[in-house]
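> What would the 3D arrangement of this be:
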Amino acid sequence: MNNIPQLPVSSWIDKFVDWLAGFEGFFNGVTNFIGGIISGFQWVFDVLPIWLFMLLVLGATYWLNRNTKHWTLLIFEAIGLLYIWNQGFWRDMTQTLTLVLTSSLIALVIGVPLGIWMAKSRVFAVINKPILDFMQTMPAFAYLIPAVAFFGIGMVPGVIASVIFAMPPTVRMTNLGIRQVPNDLIEAADSYGSTGW
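Below you'll find the model as predicted:
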């Protein structure tokens, strides 16, 4: 009906994807790096005997909740771990735990410096806020499609998608934590000779 020319968006996206495909060495390097972290975590979980892993998890839970004395949490956790072991899903559980730990580690390593940068630079905060909003509102599965296209099939695309989804809260909380430090504490720190670092 109208004579407005149609924008060739699909051809632009195809050209952009073809251009990104030229960086195959970079994507292989990222895949190998993340795969190394995954292998390290999985090796630790494979080396630990199951009973020792359970004792470590239950001991950590007890130590973190030592003031509240919630025995029901410990009992429920022990029953859950024993059930996973009994049903033969122990390796699947450790692979999921490996994915979560790897994603959390990478999200912290990237997110905390970005949050500090946002707290220090108002311009960067204004630019970064809509990007973080977009990253948080998209479902995590939407990130899997390009991750699989560039990083192949396996645990690495899952880690990439999880990192993208987990990074915005890390960046926001770091930024908010630094910005909410009271001015009198900052002045006191400055008077004692603390630097920006």
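
> Return the set of buried residues in stretch 35-49.
35, 37, 38, 41, 42, 45 (16 or more other CB atoms under 10 Å). Backbone N, C-alpha and C define where each C-beta goes, glycine included.

> er, stretch 65-80 I mean
residue 74.

> Contacts for it, please.
Stretch 65-80 is contacted from outside by 54, 57, 58, 61, 62, using CB atoms under 8 Å, 6 or more residues apart in numbering.

> If you count contacts, what does the helix or strand bottoming out on mean pLDDT in the chain end up packed against?
Least confident helix or strand, the chain: helix 140-151 with a mean of 76, by mean pLDDT, DSSP states H and E. Contacts defined by 3 or more CB pairs under 8 Å, 6 or more residues apart in numbering; DSSP states H and E place helix 140-151 against helix 9-21, helix 24-47, helix 155-179.

> now the angle between helix 24-47 and the longest one, please.
Meaning helix 155-179. Comparing the axes of helix 155-179 and helix 24-47 via axes from the mean of the first three to the mean of the last three CA atoms, to 10 degrees yields an angle of 90 degrees.

> Any buried residues in helix 155-179, and which?
Neighbour-count burial for helix 155-179 flags 155-168, 170-172, 174-175 (criterion: 16+ other CB under 10 Å).

> Give the next helix or strand downstream of it.
Once the chain leaves helix 155-179, the next helix or strand it forms, by DSSP states H and E, is helix 183-191.

> Next, the angle from the longest helix seen in the chain to helix 155-179.
Looking across the chain with DSSP state H, the single longest helix is helix 90-120. Interaxial angle, helix 90-120 versus helix 155-179 (the same axes, to 10 degrees): 40 degrees.

> Give me the buried positions along helix 90-120.
Buried-residue list, helix 90-120, by 16+ other CB under 10 Å: 93-95, 98-99, 101-104, 106-107, 111, 114-115, 118-119.
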